[in-house]
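Participant: sequence and predicted model, in that order:
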Amino acid sequence: MPYMKETFVYPGGYEERKYHTWRLGGKKTRRPNERKTDAAVQRGNSRRAKEQLYRLIVTNFRRDDYRLDLTYGDPPPDREEAKRRVRNFLRNLHNLYRKNGEELKYIYVTEYKGHRIHHHVLLNASKKVSRKEIQALWRYGILNYRSFRYFDGAAEDCRRVAEYFVKETDETIREEGAVQRKRWSQSRNLKRPRVKKEKIYSRHWRENPRGRKGFYIAEEESGWTQDGYPYQYIRFKQMKGMVKGVSVREDDVLRGVRDVQGKKGMVQVRLQL
């Protein structure tokens with residue numbers, strides 16, 4: 001019985017997700033057959049949107065890029081006016097970046113359910129455009145230390161931001177007159193994530209996988225999908241140096257050594273990071 005292998009490559013690492021599916025004759029091992037409810041379908045859509053946005057963020061944004069919370073003073077605008085203002089802000093910021101020989105990249109969502117309307121924005125940092133100049137373009141509120149932050153850039157932070165952005169639109173995307181008809185808005189110049197899907201003709205995958213030469217295992221997870229099929233997820237992180245292409249784990253990197261089976265038993269190999 002074959003399974004699907006999905007490989008996602010991004011700067012500084014790659015991920016492998018292996019899973020069985022009914023399309024390939026997969027056998028359920030946990031959950032009985034059950035009809036999906038509307039709530040279950042919505043949870044599945046939300047989960048897929050978070051994964052898609054995570055891949056988009058980790059592909060396009062780096063450490064020390066900017067996270068902005070664009071807020072409004074009194075009186076706050078209505079939804080249509082808020083939509084117009086944030087678009088004008090990003091258009092003007094795009095022109096300012098281009099004037100300085102740089103290219104603006106961004107993703108943003110608008111939140112208003114149970115709160116005063118505001119916008120969450122992730123954009124690439126500029127070497128020439130200052131925070132003061134960005135503030136001058138957003139004249140409706142103040143960009144203080146809470147609303148102007150630096151993006152951490154690690155894969156874990158990319159996932160947190162993706163989950164937060166999607167959560168903000170989960171409650172409003174299906175509403176009549178919603179500010180956003182999509183989960184998020186983005187600039188057109190973002191790179192598409194590199195994802196390769198392939199069918200593997202094997203009954204089982206390796207329980208203790210090895211990474212490519214120059215990568216170590218930063219995260220791994222096994223379990224069952226929402227439909228009851230087994231899956232395996234591995235995230236590999238790039239390192240500066242390795243010995244004989246041995247795959248290592250994050251705790252090995254922290255210790256600075258890796259236990260390797262040698263001809264005369266287990267030996268410790270020092271890692272050069």
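Facilitator: Right, received. Where do you want to start? As the structure is a prediction and not an experimental result, all values here were calculated from the model. Residues are numbered from 1 along each chain as shown.
Participant: run the chain-centre distance for stretch 78-88.
Facilitator: Mean-position distance between stretch 78-88 and its chain equals 26 Å (Cα atoms, centre = their mean, to the nearest Å).
Participant: contacts for it next, please.
Facilitator: Here stretch 78-88 makes contact (Cβ atoms under 8 Å, 6 or more residues apart in numbering) with 70, 72, 76-77, 108, 110, 112, 117, 119, 121, 140, 177, 179. No exception for glycine: its C-beta is placed from N, CA and C like everyone else's.
Participant: stretch 134-153 now?
Facilitator: For stretch 134-153, contacts defined as Cβ under 8 Å, 6+ apart pick out 61-73, 77, 85, 89, 92-93, 96, 122, 125, 131, 157, 161.
Participant: same question, stretch 54-66
Facilitator: So stretch 54-66 is contacted by 8, 10-11, 105, 107, 121-125, 134, 148-155, 158-159, 161-163, 186, 190-195 (Cβ under 8 Å, 6+ apart).
Participant: ok so, going back, list buried residues within the contacts of stretch 134-153.
Facilitator: For these, a burial check counting by 16 or more other Cβ atoms under 10 Å picks out 61, 65-72, 85, 89, 93, 96, 122, 157, 161.
Participant: nearest to His204 among those residues?
Facilitator: Asp157 (33.5 Å; Cβ to Cβ).
Participant: part of a strand, is the closest one?
Facilitator: No. Applying DSSP: H, G, I helix; E, B strand; the rest coil, one finds Asp157 to be helix, outside a strand.
Participant: show me what contacts it?
Facilitator: Counting by Cβ under 8 Å, 6+ apart, Asp157 makes contact with Phe151.
Participant: what distance do you get for it to Arg62?
Facilitator: Counting by Cβ to Cβ, to the nearest Å, the separation of Asp157 from Arg62 is 11 Å.
Participant: now Glu102: how far from Cys158?
Facilitator: In terms of Cβ to Cβ, Glu102 sits 22 Å off from Cys158.
Participant: same deal with Arg139?
Facilitator: Counting by Cβ to Cβ, the gap from Arg139 to Cys158 is 30 Å.
Participant: the two: who's more crowded?
Facilitator: Between Arg139 and Cys158, Cys158 has the larger neighbour count (other Cβ atoms under 10 Å), namely 23 against 10.
Participant: quick one, what contacts the more buried one?
Facilitator: Contacts for Cys158 (Cβ under 8 Å, 6+ apart) come out as 54, 57-58, 61.
Participant: now the residues you listed as TSV including secondary structure, pLDDT and distance to Gly44?
Facilitator: Formatted as TSV, the contacts of Cys158 follow (DSSP: H, G, I helix; E, B strand; the rest coil; pLDDT from 0 to 100; distance: Cβ to Cβ, whole Å):
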residue	secondary structure	pLDDT	distance to Gly44
Tyr54	helix	96	16
Ile57	helix	97	21
Val58	helix	96	22
Phe61	coil	97	26
